[in-house]
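Enquirer: I would like the atomic coordinates for the input below:
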Amino acid sequence: MRKISNIGDKELQNEEINTLAAFILETKDFSLARALINTLMTKSERVVISQRLAILRMVKKEFKYHEIERKLKTTPTTISKAIANYEKDASYMKLFDAAMEKFRFKPKKYVEKIDSDYPNRGKIQGLVCGVRQFLRDQKYEKSKRKRVKKD
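Expert: Residues are numbered from 1 along each chain as shown. Alright, predicted model coming up:
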């Protein structure tokens, strides 16, 4: 991860972080959330953050370091850094744990519908790509129905 320059105005930095947090909180639409992530983060930043999240989820599920290393193709140092960052602030740790307990993204509920709609999606795209395409198509169909009702 690249180093950032020392930001002189900590108050401004905290204000912008609070603005970002409020913006994320207001984002109730999956497509808008993806747009936010893709707009604000580089590909490498998205990869790093998603890897940290995957590490913490696997740690919570009591995976061993070597299992996490193998599955995520990462190093013990990366795992240790993710855990150290998580453990830095006990109050945030409790909030994060509570959020992780409530959060359930279950793309598997779409599997049958995806397989029927996209029988040739193949193993190269994988399930995640199938879910994304399925969600895009569902959103398009919904907007199409709204347009028809207006006419």
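
Enquirer: Tell me the pLDDT of the residue nearest the centre of the chain.
Expert: When the chain is reduced to its mean C-alpha position, the closest residue under C-alpha atoms, centre = their mean turns out to be residue 50, at 5.7 Å. Residue 50 is assigned a predicted lDDT (pLDDT) of 89.

Enquirer: where's it relative to residue 74, distance?
Expert: The span separating residue 50 from residue 74 equals 12 Å under the rule C-beta to C-beta, to the nearest Å. Bear in mind the C-beta positions are built from the backbone N, C-alpha and C, glycine included.

Enquirer: any idea how far residue 9 is from residue 15?
Expert: The span separating residue 9 from residue 15 equals 9 Å under the rule C-beta to C-beta.

Enquirer: ah, wrong one, I meant residue 81
Expert: If you measure residue 81 against residue 15 using C-beta to C-beta, the figure is 27 Å.

Enquirer: With residue 79 instead?
Expert: With distances defined as C-beta to C-beta, the gap from residue 79 to residue 15 amounts to 33 Å.

Enquirer: More neighbours: those two, which one.
Expert: residue 79 (22 against 11; other C-beta atoms under 10 Å).

Enquirer: Secondary structure element holding that one?
Expert: Counting by DSSP states H and E, the element that carries residue 79 is helix 76-87.

Enquirer: per-residue confidence averaged over that helix?
Expert: Throughout helix 76-87, pLDDT has a mean value of 91.

Enquirer: which parts of that helix are buried?
Expert: 78, 79, 82, 86 (16 or more other C-beta atoms under 10 Å).

Enquirer: cool, stretch 38-55 as well?
Expert: With burial defined by 16+ other C-beta under 10 Å, the residues of stretch 38-55 counted as buried are 51, 52, 55.
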